[in-house]
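*Asks:* Give me a 3D structure for the following:
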Amino acid sequence: CIRDSLLPLAIALGVFFLFQLFLLNNVSIAQYDESIYLDVARNIRKSGLPLRSVGLDGRYHFDHLPLYVYLLSGMTALFGQNTFLVRLVTMLAGAGAVTMTGIIGLRAKDTAAGFVAALLLALNSFFATYAYFIREEVFFAFFVLLAAYCLLRLGQTQENRWLLAAALSIGVAFLLKEIALAFLAAAALYVFFFLHTTVKWPDWRGRITAVLVLSLPALTGLAAWLLWANAIDAAQLQVTLDRWFGLRTPIVDPRIGLSARAWLETIMQYVFGWEIVLLFGFALLYALIRRRKPPNIAALFLLYLGVALGASLVMNLKEMRHLMALIPSVCLLSGLLLPWSAWWAWLNEDRRRLLLAAPLALLFLLSA
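*Replies:* This next block holds a predicted model:
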């Protein structure tokens, strides 16, 4: 019941906004990347093109697909160069991601699963930090979660409008950040191999059509951007592509060529935190040992985890921010794979159990 989940969701959002109050109190001026984005947004308002103020003629900002800087241009046209108000929009996107995480857990399983997933996401300091600054990663994570919700509803209702909504959400996520390609790959595999058991597409042709529909907005957006960027500055586009793949680039960047072991340690320590990694590992082990079939949507998040982590290991350019949407995915898996409702009922049977469990849970949450 959505009504029963309002209080747990409010608690998770309260924790999230406590992080934001800390940042609001300590960080006021625009940081390095924020200054670049604000500069590009200002130039879009002047010329319509995403230029950085470098050199006499400027340099095209092709580091990522352009939707965010154009959205930022619209926001700064509305708010002016007000860093606080623009950061507030990012903050609301972060709150939206926490909310969507809770709703997915609720719809897929129950209130307890949604609450645990949303609370874990709200406690993640890496996510909370980027939910404050003027960057696109949290917006990207929100639209990935929106697409996952649409695929969940597609499986539950068998209505193809949810497939179209998922396709559009992935398309927006892709135009915000090209790393949405990993989620698109996971979603395509999920639709083709898992979702057909509930949606019951009649044949292989139906599955292939569904995958094509899911992929069309994102791939169309990518093709359009490549053609547009190549037309206005082919050389700068090539520099960007080389940097993405770590090929023939003169740029000295510590994120290029990082060893797999160092990269995995970095992810576990700074992106997820050891507490969430251990909880997820326990949840996965518990589900395998108990042989309880998790909600179908869990397969989507497992596929995304595998594809995104695998791609990050293969690519030379290793950036922690690229894994932003994996944080709510792992939080959701921790919520969906464990019987939180049954455990809560067991604790409530005896107040002594609750008194023993409460400080342990609190220590875990504080550590996380």
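*Asks:* all helices for the stretch 251-368 of the chain, in order.
*Replies:* Along the stretch 251-368 of the chain, counting by DSSP state H, counting those that start in this stretch, helices occupy 260-266, 274-290, 298-314, 326-336, 340-348, 351-367.
*Asks:* Figure out which of those is closest to A231.
*Replies:* Between A231 and the helices of the stretch 251-368 of the chain, the tightest spacing by CB to CB is seen for helix 298-314, at 28.2 Å. To be clear about C-beta, it is placed using only N, CA and C from the backbone, and glycine gets the same treatment.
*Asks:* Tell me which of the helices of the stretch 251-368 of the chain is the most buried.
*Replies:* Comparing the helices of the stretch 251-368 of the chain by mean neighbour count (mean count of other CB atoms under 10 Å), helix 326-336 ranks first with a mean of 26.
*Asks:* how far is it from where the chain is centred?
*Replies:* The chain centroid and the centroid of helix 326-336 are separated by 11 Å under CA atoms, centre = their mean, to the nearest Å.
*Asks:* what's that helix in contact with?
*Replies:* Helix 326-336 has contacts (CB atoms under 8 Å, 6 or more residues apart in numbering) with 97, 100-101, 104-105, 108-109, 112-118, 120-121, 124, 126-127, 141, 144-145, 271-272, 276-277, 279-280, 283-284, 294-295, 297-298, 301-302, 304-305, 308-309.
*Asks:* Recalculate using a threshold of 6 Å.
*Replies:* Helix 326-336 is contacted from outside by 101, 105, 109, 113, 116-117, 120-121, 124, 127, 145, 279-280, 283, 294-295, 298, 301, 304-305, 308, using CB atoms under 6 Å, 6 or more residues apart in numbering.
*Asks:* that older thread, just put the helices of the stretch 251-368 of the chain in JSON lines and tack on distance to E178 and mean pLDDT.
*Replies:* JSON lines is the format used below for these (distance: least, CB to CB, whole Å; pLDDT from 0 to 100):
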{"stretch": "helix 260-266", "distance to E178": "19", "mean pLDDT": "86"}
{"stretch": "helix 274-290", "distance to E178": "26", "mean pLDDT": "92"}
{"stretch": "helix 298-314", "distance to E178": "11", "mean pLDDT": "94"}
{"stretch": "helix 326-336", "distance to E178": "16", "mean pLDDT": "96"}
{"stretch": "helix 340-348", "distance to E178": "35", "mean pLDDT": "79"}
{"stretch": "helix 351-367", "distance to E178": "34", "mean pLDDT": "78"}
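*Asks:* relative to helix 298-314, how tilted is the top helix by length along the chain?
*Replies:* In the chain, assigned by DSSP state H, the helix with the most residues is helix 204-245. If you take axes from the mean of the first three to the mean of the last three CA atoms, to 10 degrees, helix 204-245 sits at 30 degrees to helix 298-314.
*Asks:* For K293, give its distance to W201.
*Replies:* Per CB to CB, to the nearest Å, K293 is found 21 Å from W201.
*Asks:* okay, the two: which has more neighbours?
*Replies:* Per other CB atoms under 10 Å, whichever of K293 and W201 has more neighbours is W201, with 18 against 7.
*Asks:* Pretty sure that one sits against I208.
*Replies:* No - counting by CB atoms under 6 Å, W201 sits too far from I208 to count as a contact (9.3 Å).
*Asks:* which regions of this structure sit below the pLDDT cut-off?
*Replies:* Scanning the chain for pLDDT under 70 picks out 1-4, 197, 202, 245-257.
*Asks:* what about the helices in the stretch 101-250 of the chain?
*Replies:* Under DSSP H, counting those that start in this stretch, the stretch 101-250 of the chain gives helices at 111-123, 125-130, 137-157, 161-176, 180-190, 196-199, 204-245.
*Asks:* How much space separates the closest residue to K318 other than its chain neighbours from V330?
*Replies:* Closest residue in space to K318, ignoring its immediate chain neighbours: L258 at 4.7 Å, by CB to CB, 6 or more residues apart in numbering. Going from L258 to V330 by CB to CB gives 21 Å.
*Asks:* do the same with L212
*Replies:* Distance of L212 to V330, given as CB to CB: 29 Å.
*Asks:* what does R42 give?
*Replies:* For R42, the distance to V330 equals 37 Å [CB to CB].
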